[in-house]
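Undergrad: Kindly return the folded structure for what I paste below:
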Amino acid sequence: MNYVFMMVILFLSAYNLYIKKNKEAWEEVRKEIHFPSIKSSIQFLFFGAINSFFGAYIFGIEWLYWITLYSVLGLVICYETVSSKKRRKIVFVVVILILFSIFRVPTNPASFDHFVNSKESYQCLSSWQCVKIVEHVTPEDMLEIVPEVVQVQERRFNWFLFYSKGLLKLEDEKGDVEELRGLNVAGFWFEY
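TA: Here you go, the predicted structure:
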């Protein structure tokens with residue numbers, strides 16, 4: 001059903017932006033654009049923003065929100081010299097995007113735990129132990145993958161208004177300490 005819904009959205013957006021005979025409306029939009037080289041890209045930016053947003057929402061593909069954000073920012077840049085009435089609308093859209101990014105920042109540590117578990121070499125099923133997948137080369141030059149239990153020494157999660165930070169300190173049997181740090185901006189985790 002999701003595929004059908006997404007195909008309908010793709011068809012409607014392509015029809016309204018490229019097929020439908022509304023050339024007069026697009027000519028009005030193009031007259032207000034400051035950069036002449038970008039005038040032909042407006043329809044493409046609208047198409048990218050609409051379809052990437054719905055694709056991310058329907059299928060849960062997080063990175064498609066970035067395409068939406070860049071498309072909207074491209075549209076804002078293109079409309080740099082528009083009238084003050086339309087500029088207020090653009091500022092309103094930018095404020096909505098900022099609020100959207102604030103609400104996507106997680107406030108609980110479960111999101112950071114999911115980020116750590118999404119890495120290929122770690123699985124933290126409890127709050128005091130994690131399993132680390134370690135690769136060893138045997139004396140016969142064979143690659144061996146061994147699970148190793150590591151203890152959680154420190155677990156920290158801080159929420160700020162515009163971002164969140166997570167820290168996980170792990171200690172293995174040899175006493176080596178490894179830190180996993182994550183930074184969440186607009187709902188997306190980055191390792192730092």
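
Undergrad: So the residue nearest to Asn2 when sequence neighbours are not counted: helix, strand or coil?
TA: The shortest distance from Asn2 to any non-neighbouring residue, by CB to CB, 6 or more residues apart in numbering, is to Ile58 (5.0 Å). For the C-beta atoms, the positions are set from N, CA and C on the backbone; glycine is no exception. Judged by DSSP: H, G, I helix; E, B strand; the rest coil, the three-state class of Ile58 is helix.

Undergrad: where does the protein dip in pLDDT?
TA: 21-40, 77, 79-88, 90 (pLDDT under 70).

Undergrad: Which stretches in it count as strands?
TA: 122-123, 129-137, 143-159, 163-171, 177-185, 188-191 (DSSP state E).

Undergrad: Could I get the buried residue list for the fifth one?
TA: With burial defined by 16 or more other CB atoms under 10 Å, the residues of strand 177-185 counted as buried are Leu180, Gly182, Asn184.

Undergrad: contacting residues around the closest residue to the first one other than its chain neighbours?
TA: In other words, Leu180. Nearest non-adjacent residue to Leu180, counting by CB to CB, 6+ apart: Leu168, 4.4 Å away. Contact analysis of Leu168 by CB atoms under 8 Å, 6 or more residues apart in numbering lists Phe112, Val116, Cys124, Cys130, Val152, Glu154, Arg155, Arg156, Glu179, Leu180, Arg181.

Undergrad: Take those and lay them out in a markdown table including distance to Val146.
TA: Putting the contacts of Leu168 into a markdown table (distance: CB to CB, whole Å) gives the following:
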| residue | distance to Val146 |
| --- | --- |
| Phe112 | 26 |
| Val116 | 19 |
| Cys124 | 18 |
| Cys130 | 15 |
| Val152 | 20 |
| Glu154 | 25 |
| Arg155 | 24 |
| Arg156 | 28 |
| Glu179 | 22 |
| Leu180 | 19 |
| Arg181 | 25 |
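
Undergrad: Pull out the buried members of the residues you listed.
TA: Buried, going by 16+ other CB under 10 Å: Phe112, Val116, Cys124, Cys130, Arg155, Leu180, out of those.

Undergrad: my guess is the residue nearest to Asn2 meets Val4, correct?
TA: No. Counting by CB atoms under 8 Å, Ile58 does not reach Val4; the two are 10.4 Å apart.

Undergrad: With neighbour numbers in mind, choose between these two.
TA: With neighbours defined as other CB atoms under 10 Å, Ile58 and Val4 compare such that Ile58 has more, 15 against 8.

Undergrad: mind listing what the more buried one touches?
TA: When contacts are counted by CB under 8 Å, 6+ apart, Ile58 touches Asn2, Phe5, Met6.

Undergrad: how near is the first one to Lys174?
TA: Right, the one you point to is Asn2. Separation of Asn2 from Lys174 (CB to CB, to the nearest Å): 47 Å.

Undergrad: cool, and Ser111?
TA: With CB to CB as the criterion, Ser111 and Lys174 are 30 Å apart.
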